[in-house]
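Student: This is the structure alone, sequence omitted:
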């Protein structure tokens, strides 16, 4: 009676109808009506839940047990009840919490799964189904060994699960998952043990984080870093004076294109040089990586590929992922690309003294490839080094020719029977041959820096006084012409006896 808010006296004085009105559930009303009508049916114990109305008008949940008993020839309805309102509210809260958790699990994009202590799947969310490419009913009640996964992967799952069961708590590790939709995926497992009401390990819950894209990105970053380190190392090697100024430029270029083929992972690297009128271009060295061979001799007519050579004039590099479709290189498709199975090209001009003299070509065979910015910059850097080496070689050749020319000049001048002098534009002597000492009775060192004995004018011829070798006076015929001496304007003075 206290659970309904009544005192003992108040509750005892309730008549049958008043008590029946307190009942809000049909089952109890039926029991009371049966008892009030004197029916003999319904004998026996029954249990159920219903609602009572308290004295204050509040409805409460109760658990009821009823039984018809007979005492002194009369039948009585015995009712036992317990207020379970708080219990019902707790149950409702649990249901709502479970519903919220279920909704949350189905909403989050990460795959979540549950396993029993013996390693069988007991539940999962929709993301887990989608990730594995398997329906929930194909998973529940099965172990990893029964899902058709590769044996080594399944055994690792089993080992790690047992490690967690033996050491309850949390577990984080990186491994792989074999999926039906996306093949092998790199993942991180986040697992934790589940405990039952007696605080014993009953299973585990796991969350999967797919890191395949991040791992591939990391691997690509590491490859790029390693490639850059390798490229920087080789650039330092190739810009060292011993390499830049090596006299055998042909051997140096062979070394460069062989290493470039390996570093950039291309099949063919070639060096092409224009002829004098830029009507043709010749391959002076082609390295084929798979064969390890060098060859030369191919040539192209510039006029047959106007689009390509026009692009070379305005672009620092031509990098085509699909050379057969790119407007700059598709002119080569039938005559060059298809016969050599070339799909991607990267070509960089060679410039000497500001003038385009050739091209370095990187040719990839097989499936088309994407040229990275780092690879393009590396190719440009190497072409700059090769251009510098060509310019150094050209200067070296010019110096050799100049030395030969100077030696020939000196040989002629020293053996000449005429006095040969060179003066600057003001008539001061800056060169004199040995014969002149005889004609002018002075040593060479005394004549250098002095003005010539008569005015020096280009095109002028005149007779001047000289002294012969035997010491007798004589007349000399002088001729003056304009020339250059050490890249400056000068006068060449020749005197004959």
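Tutor: Thanks, I have the structure now. None of the values given here were measured: they were computed from a predicted structure. Numbers count the residues shown, from 1 in each chain.
Student: all contacts plus neighbour counts: C-alpha atoms, from now on.
Tutor: Fine.
Student: Please verify my assumption that residue 126 contacts residue 103.
Tutor: No. The pair residue 126 / residue 103 is not scored as a contact, 10.5 Å apart, by Cα atoms under 8 Å.
Student: Contact partners for the spatially closest residue to residue 348 that is not a sequence neighbour?
Tutor: Excluding its sequence neighbours, the residue lying closest to residue 348 (Cα to Cα, 6 or more residues apart in numbering) is residue 317, at 4.8 Å. Neighbouring residues of residue 317 by Cα atoms under 8 Å, 6 or more residues apart in numbering: 346-349, 376, 380.
Student: And for residue 190?
Tutor: Counted by Cα under 8 Å, 6+ apart, residue 190 has contacts 170-173, 206-209.
Student: doesn't it fall inside a strand?
Tutor: Yes. The assignment for residue 190 by DSSP: H, G, I helix; E, B strand; the rest coil puts it in a strand.
Student: helices or strands up against the top helix by length along the chain?
Tutor: Using DSSP state H, we find that the single longest helix of the chain is helix 373-415. In terms of contacts (3 or more Cα pairs under 8 Å, 6 or more residues apart in numbering; DSSP states H and E), helix 373-415 is packed against helix 212-238, helix 241-244, helix 249-263, strand 342-352.
Student: and among the ones you listed, the most buried is which?
Tutor: With neighbours defined as mean count of other Cα atoms under 10 Å, these peak in mean count at strand 342-352, which reaches a mean of 23.
Student: For residue 67, state which of the contacts of residue 190 is nearest.
Tutor: residue 206 (50.4 Å; Cα to Cα).
Student: and that closest one, helix, strand or coil?
Tutor: strand.
Student: what number of residues lie near it?
Tutor: 18 (other Cα atoms under 10 Å).
Student: Ok, the one 5 residues further on next?
Tutor: A count of neighbours around residue 211, defined by other Cα under 10 Å, yields 16.
Student: List the residues that contact it.
Tutor: 185-188.
Student: per-residue pLDDT, it?
Tutor: Reading off the confidence values, residue 211 has pLDDT 94.
Student: do the same with residue 25
Tutor: 68.
Student: Where does pLDDT dip in the stretch 351-497 of the chain?
Tutor: Where the stretch 351-497 of the chain drops to pLDDT under 70, the residues are 441-445, 469-470.
Student: what about 50?
Tutor: For the stretch 351-497 of the chain, no stretch is flagged by pLDDT under 50.
Student: What of the stretch 201-350 of the chain?
Tutor: For the stretch 201-350 of the chain, no range has pLDDT under 50.
Student: I'd like to know how far the residue nearest to residue 429 when sequence neighbours are not counted sits from residue 13.
Tutor: Of all residues not flanking residue 429 in the chain, residue 423 sits nearest, at 4.1 Å (Cα to Cα, 6+ apart). From residue 423 across to residue 13, the span is 150 Å (Cα to Cα, to the nearest Å).
Student: With neighbour numbers in mind, choose between these two.
Tutor: Counting neighbours by other Cα under 10 Å for residue 423 and for residue 13 shows that residue 423 has the greater number, 25 against 10.
Student: Name whatever forms a beta bridge with that one.
Tutor: residue 429, residue 491 (DSSP bridges).
Student: isn't it right next to residue 491, touching?
Tutor: Yes. The pair residue 423 and residue 491 passes the contact test of Cα under 8 Å, sitting 5.2 Å apart.
Student: quick one: contacts for residue 273?
Tutor: 281-284, 357-359.
Student: how about it, secondary structure?
Tutor: strand.
Student: Let's verify the closest residue to it other than its chain neighbours: helix, strand, or coil?
Tutor: Sequence neighbours aside, residue 358 is the residue nearest to residue 273 in space, at 4.1 Å (criterion: Cα to Cα, 6+ apart). Three-state assignment for residue 358 (three-state DSSP): strand.
Student: The one 5 residues further on too?
Tutor: Of the three states, residue 363 takes strand under three-state DSSP.
Student: Give the bridge partners for it, please.
Tutor: residue 268, residue 345.
Student: and residue 286, which of the three is it?
Tutor: strand.
Student: returning to what we had before: gap between the residue nearest to residue 348 and residue 384?
Tutor: Relative to residue 384, and taking Cα to Cα, residue 317 is found at 12 Å.
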